[in-house]
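Engineer: Predicted coordinates and the sequence they were generated for:
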Amino acid sequence: MEYTGSNYEGDYKNGRMEGKANYTFPPSVETKYEGEMKDGMFHGEGTLFYSNGSKYVGKWENGIAVDGTYTFADGLEYDPEDWRYCDGYDRRFYTEICHGLKPAGRSQLTNRIPPRVIPEGCYDCGDGFYNPTTRVVTDYKNNFLRNADDDEHEWIVRTCRKGWDEHVGYQPQTKP
């Protein structure tokens, strides 16, 4: 663990992680598992807590999640059979479903209230900010996450919220 930066607190059997455990991934990931382990793998009941506040409560078999429930940081529980969150028919965010729509004017741009302030020239790509000049994604605390390849760069530029207003300096056309 000293090589990976992760931390384990729990029982061992034959030199392997086994029994009740708390396993913390490297600090750059900030994800934690609390639950049962067997032969060094998640096995039995356990919960993965993610750095964004979401969690996955599930049953694991030999390191693979076989059943469980994912809950977003805002409390919305993912349901693949009855998913009513920002789908093709209802584009409201979960916070808008719970607390109603805001008065007419600028739309709510994210599920987070207030939305994150994106650094100038960057994009919010969901797990952090992306700088298209350096092609680097950093988390929201400005820690390095990854370098974006061409496909990810194209997707982020095409679909993600950007840190500048595209309408600044826009002058509507007037009829002569």
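Structural biologist: Sure, I can see it.
Engineer: rest of the way, CA atoms for contacts and neighbours
Structural biologist: Will do.
Engineer: Break this protein into its domains for me.
Structural biologist: Using the TED database, the domain ranges for the chain come out as 7-71, 80-113, 116-162.
Engineer: For the last one, measure first residue to last.
Structural biologist: Start and end residues of domain 116-162 are separated by 11 Å (C-alpha to C-alpha, to the nearest Å).
Engineer: low-confidence ranges in this structure?
Structural biologist: 1-3, 28, 84-95, 99-113, 165-176 (pLDDT under 70).
Engineer: Check which residues of the longest helix belonging to it are buried.
Structural biologist: Criterion DSSP state H: the longest helix present in the chain is helix 150-159. Residues 153, 156-157 are the ones in helix 150-159 that count as buried (16 or more other C-alpha atoms under 10 Å).
Engineer: And the contacts of it?
Structural biologist: 123, 125, 130, 132, 135 (C-alpha atoms under 8 Å, 6 or more residues apart in numbering).
Engineer: before we move on, the earlier item: ranking the domains of the chain by burial, who's on top?
Structural biologist: Stretch with highest mean neighbour count among the domains of the chain: domain 7-71 (a mean of 17; mean count of other C-alpha atoms under 10 Å).
Engineer: what residue lies at the spatial centre of the chain?
Structural biologist: Residue closest to the average C-alpha location in the chain (C-alpha atoms, centre = their mean): residue 127, at 5.0 Å.
Engineer: name the element it belongs to?
Structural biologist: Under DSSP states H and E, no helix or strand contains residue 127.
Engineer: isn't residue 118 right next to residue 126, touching?
Structural biologist: No: applying C-alpha atoms under 8 Å, one finds residue 118 not in contact with residue 126, separated by 11.4 Å.
Engineer: Could you pull out the strands in the protein for me?
Structural biologist: Secondary structure of the chain (DSSP state E): strands at 7-13, 16-24, 32-38, 41-49, 55-61, 64-71, 123-124, 129-131, 136-138, 144-147, 161-162.
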